[in-house]
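A.B. asks: please work out how this folds:
(one chain, ligands or ions: 1)
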Amino acid sequence: MKTIGILNGPNLDRLGKREPEVYGAESLADLEKRLTKKAEALGVSVSFFQSNHEGALIDKLAQWADEGVTGVVLNGAGFTHTSVALRDAVAASGLPVIEVHISHIHAREDFRHVSLTAPMCKGVISGLGFYGYEAALEFLGQ
Ligand code: CA2
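C.D. replies: So this is what the prediction gives:
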């Protein structure tokens with residue numbers, strides 16, 4: 001069975017608690033519930049990881065690559081715009097990674113328009129809310 005990793009970066013553990021106008025009212029647990037359901041429908045397995053620490057995200061990508069996961073859905077959150085190390089980890093994983101953002105980063109502040117990780121990813125989905133994760137999961141699961 002294919003296994004898809006869902007990797008969420010800093011502060012996404014706060015989903016549903018603040019800024020619902022930007023990120024919606026649902027929590028990270030709600031997102032994971034939704035993706036578990038979607039994975040069942042697709043006949044794939046999902047593995048979830050969220051961290052507020054850059055190194056932990058990098059370690060998880062390498063671990064998943066070594067374990068032979070099929071692909072990764074990555075919301076690097078703030079690290080998207082700053083982290084050469086996360087970009088290098090995506091490249092080093094050799095995995096198909098789909099970058100997802102809940103909000104439409106190109107319609108927000110200028111500093112969010114640049115993604116250091118996106119060029120290492122197979123594709124990017126931004127601005128579609130939680131649905132973006134489902135679409136990425138469906139793509140990787142096919
Ligand atoms: O839109 C996205 O998914 C982002 O990756 C979210 C990041 C932001 O830095 C990116 O530019 C776009 C922020 C995640 C923080 O999430 C919060 C959730 C609830 C309350 C406050 C922040």
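
A.B. asks: excluding its backbone neighbours, what's nearest Gly127?
C.D. replies: Sequence neighbours aside, His104 is the residue nearest to Gly127 in space, at 2.9 Å (criterion: CB to CB, 6 or more residues apart in numbering). (Each C-beta comes from the backbone N, C-alpha and C, glycine too.)

A.B. asks: output the lowest mean pLDDT helix or strand found in this structure.
C.D. replies: One helix or strand of the chain scores below all others by mean pLDDT, DSSP states H and E: helix 20-23, with a mean of 93.

A.B. asks: now do the contacts for Glu134.
C.D. replies: Glu134 makes contact with Arg34, Leu35, Lys38 under the criterion CB atoms under 8 Å, 6 or more residues apart in numbering.

A.B. asks: tell me the SS of it?
C.D. replies: helix (DSSP: H, G, I helix; E, B strand; the rest coil).

A.B. asks: where's it relative to Ser47, distance?
C.D. replies: Look at Glu134 and Ser47: by CB to CB, to the nearest Å, they are 16 Å apart.

A.B. asks: name the SS class of Val46, please.
C.D. replies: Look at Val46: counting by three-state DSSP, its state is strand.

A.B. asks: count of residues packed around the residue nearest to it when sequence neighbours are not counted?
C.D. replies: Spatially, and ignoring its direct neighbours in sequence, Val46 is nearest to Ala39 (4.3 Å; CB to CB, 6+ apart). Number of residues near Ala39 (other CB atoms under 10 Å) recorded here: 22.

A.B. asks: assumed Ala39 was part of a strand.
C.D. replies: No. Counting by three-state DSSP, Ala39 falls outside a strand, being helix.

A.B. asks: now do the contacts for it.
C.D. replies: For Ala39, counting by CB under 8 Å, 6+ apart, the contacting residues are Ile4, Ser45, Val46, Leu137, Gly141.
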